[in-house]
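**Student:** with the input below, show me the fold.
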Amino acid sequence: MEKFEITILGCGCAVPTVLHNPASQIVNIREKLAMIDCGEGTQMQMRLNKVGFQKLRNIFISHLHGDHCFGLIGIISSMGLLGRVTPLHIYGPQNLGELLKMQLRLFCEGMEYTVEFHPVPTTEYQLIYEDRSMEVYTLPLKHRIPCCGYLFKEKPTLPHIRREMIDFYNIPNVYINNIKNGADWVMDDGTVISNDRLTTPPSPTRSYAYCSDTAFKPDLQQYLDGVDLLYHEATFGKEREERAKITYHSTAEQAAIMAQSCHAKQLLIGHYSAHYTDVAPLLEEAKAIFPNTIAAHEGMKIKL
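**Tutor:** Model prediction:
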């Protein structure tokens, strides 16, 4: 099965602490690397987790609160100093473009690569990126400023070749791609070997949804039905639900309700308030509703 892996670079919120870095993740789909959010200190976390700067193709920013974007210009600058020549594509709310333009002029003049900004909608579900391996959609979130999440969907792969059948019928390797694409095999005597005898179905496609920061938003479930892994912010426990409501954040309990309602296969909670020096109570709160829940921590790798 092709790689689909999430690496947690930061899962705290608001300010860096000795326990957690601000928000950032790496999504690796078939060795194509994308970053989601880029809080302060992200490039140090990349080094600690051996994430190659030059392998990064796209950066998706959810909103313009500092704990999600203060590290962005630092990474852009470092890539230039390290000799990057391939373009870097950045996706985010419209006003991020204005900020980037000013920062690039002040700090990154003369770089040998280009930074291309793509504004994304924050109030609707929309396809914003596509290549041969994946599609990326925006998820409309409910926060104090324009904010969106991101849904990564793997594209289907080709069927798997049954090597023992290929060998049995002495099919030359030059015909393998045709068979993967659905062709039958015709023997010298005219006998047709149907494609379903030569192949097995492709691996199921996988999906990952990133939802941070947001107040509890029940209508999100329509976009997330059956998602393999749901990352949903759990800034507070239910004992601070009023604080969550005021700040447009969610509790661990609400994250679990969302995972349950959208039939997610697994829930990953994060974006912890600095109020919590131990996130075990948040994990217990979520697992009471949605047992297949894990708590994010820096350096964690989740394979789908």
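**Student:** okay, now Met193: neighbour count?
**Tutor:** Just to correct that, residue 193 is Ile rather than Met. Other residues lying near Ile193 total 16 when counted by other CB atoms under 10 Å. In short, each C-beta sits where N, CA and C put it, glycine included.
**Student:** try Ile289
**Tutor:** Ile289 has 17 neighbours, counted by other CB under 10 Å.
**Student:** okay, domains of this structure per the record?
**Tutor:** Here the domain assignment for the chain is 4-157+203-303, 160-200, based on automatic domain parsing.
**Student:** end to end, how far does the longest one reach?
**Tutor:** In other words, domain 4-157+203-303. Domain 4-157+203-303 has its terminal residues 6 Å apart, counting by CA to CA, to the nearest Å.
**Student:** thinking again about what came up before, weakest of the domains of the chain by average pLDDT?
**Tutor:** When those are ranked by mean pLDDT, domain 160-200 comes last with a mean of 89.
**Student:** picking that back up, looking at the domains of the chain, which is buried most?
**Tutor:** Most buried of the domains of the chain, by mean neighbour count (mean count of other CB atoms under 10 Å): domain 4-157+203-303, with a mean of 19.
**Student:** tell me where the stretch 1-150 of the chain has helices.
**Tutor:** Along the stretch 1-150 of the chain, the segments classed as helices by DSSP state H, counting those that start in this stretch run 42-48, 66-69, 72-81, 94-107.
**Student:** show me what the shortest one is packed against.
**Tutor:** Going back to what we said before, that points to helix 66-69. strand 32-38 (3 or more CB pairs under 8 Å, 6 or more residues apart in numbering; DSSP states H and E).
**Student:** got the CA positions of the strand it packs on in PDB?
**Tutor:** Provided in PDB are the C-alpha atoms of strand 32-38 (Å, rounded to 0.1, in the frame of the first residue of the first chain):
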ATOM      1  CA  LYS A  32       4.400  14.100  -1.800                       C
ATOM      2  CA  LEU A  33       4.700  16.300   1.200                       C
ATOM      3  CA  ALA A  34       2.300  19.000   2.300                       C
ATOM      4  CA  MET A  35       2.300  21.100   5.500                       C
ATOM      5  CA  ILE A  36      -0.800  22.200   7.300                       C
ATOM      6  CA  ASP A  37      -0.300  25.400   9.400                       C
ATOM      7  CA  CYS A  38       3.100  26.700  10.400                       C
END
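**Student:** in its sheet, what does it sit against?
**Tutor:** strand 24-29 (antiparallel), strand 56-60 (parallel) (DSSP bridges).
**Student:** who's in contact with that strand?
**Tutor:** 10, 22-27, 42, 51-52, 55-62, 68-72, 75, 131, 133-134, 136, 150, 152, 210, 212 (CB atoms under 8 Å, 6 or more residues apart in numbering).
**Student:** likewise stretch 245-253?
**Tutor:** Here stretch 245-253 makes contact (CB under 8 Å, 6+ apart) with 13, 142-144, 213-216, 232-238, 240-241, 243-244, 258, 269, 271, 282-283, 285-286, 288-289.
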